[in-house]
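Trainee: starting from these lines, generate the structure:
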Amino acid sequence: TVRYAASLLLAQCVLFVGGIAIARFLGPTHFGLWNGLQLILLYASYSQLGMVNALNRELPFRRGKGESAQAEQVRSTTLGGVLVTALVASGAILVYSTIAASRHSPLVILGLRFIGVLVVLQQIYSYSEICFRTNHEFGVVSKLRLRRTVLDVSLAVFLTYAFDLEGRLWAATLTFIVILAYILW
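Mentor: Numbers count the residues shown, from 1 in each chain. Alright, predicted model coming up:
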């Protein structure tokens, strides 16, 4: 519990310091755009319609009752549902970015396209984190969160400094790709 809480606190401190640097590098307009894009990502996370929360409840319940076959069915069904809803949300964002390309700046359209990809990556990460948590692997969850935060802030500071908002978008995308590869490993 102490390690879990400490890693969350440390991650928040890293986010705070990194956030200040990133805001400074982006400036008010691009930082506002980044925050707007993050809102889309936040609301797109609700596209899974509570399936991940249900997994958080059902998986330990089924395992506790010794129903490992049903637990595996719940886990795989949830993964399928999360992927389908994430792909639908992502597709909607990508279609909108194509339709609205003439009404928005190229940077907004680029941001929407990155967010379309990030929706899928974020949902897979959230699903994976819940699976670890329901297995009582809190050490793994705390390491994942801390590593994801440090990687994201490190990449974000470097890439934002070098490439402005496009660098921030790449940092977010690369972070999820690397952390998901780490999870698979």
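Trainee: I figured K143 hits S7, correct?
Mentor: Yes. Taking CB atoms under 8 Å as the definition, K143 is a contact partner of S7 at 7.1 Å. The way it works is simple: take the backbone N, C-alpha and C, and place the C-beta from them, glycine included.
Trainee: for the residue most central in space within the chain, give me its contacts.
Mentor: Note on the chain: the residue nearest the mean C-alpha position is Q122, at 3.0 Å, using CA atoms, centre = their mean. Neighbouring residues of Q122 by CB atoms under 8 Å, 6 or more residues apart in numbering: 41, 44-45, 86, 176.
Trainee: can you rerun that using 10 Å?
Mentor: Residues in contact with Q122 (CB atoms under 10 Å, 6 or more residues apart in numbering) are 41-42, 44-45, 86, 90, 115, 172, 176, 180.
Trainee: reformat these as CSV; add neighbour count, pLDDT and distance to A162.
Mentor: Shown next, in CSV, are the contacts of Q122 (neighbours: other CB atoms under 10 Å; pLDDT from 0 to 100; distance: CB to CB, whole Å):
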residue, neighbour count, pLDDT, distance to A162
L41, 18, 95, 23
L42, 10, 95, 26
A44, 23, 93, 27
S45, 15, 89, 29
A86, 22, 96, 30
S90, 22, 97, 27
I115, 25, 98, 21
A172, 24, 98, 15
F176, 19, 97, 20
L180, 16, 97, 24
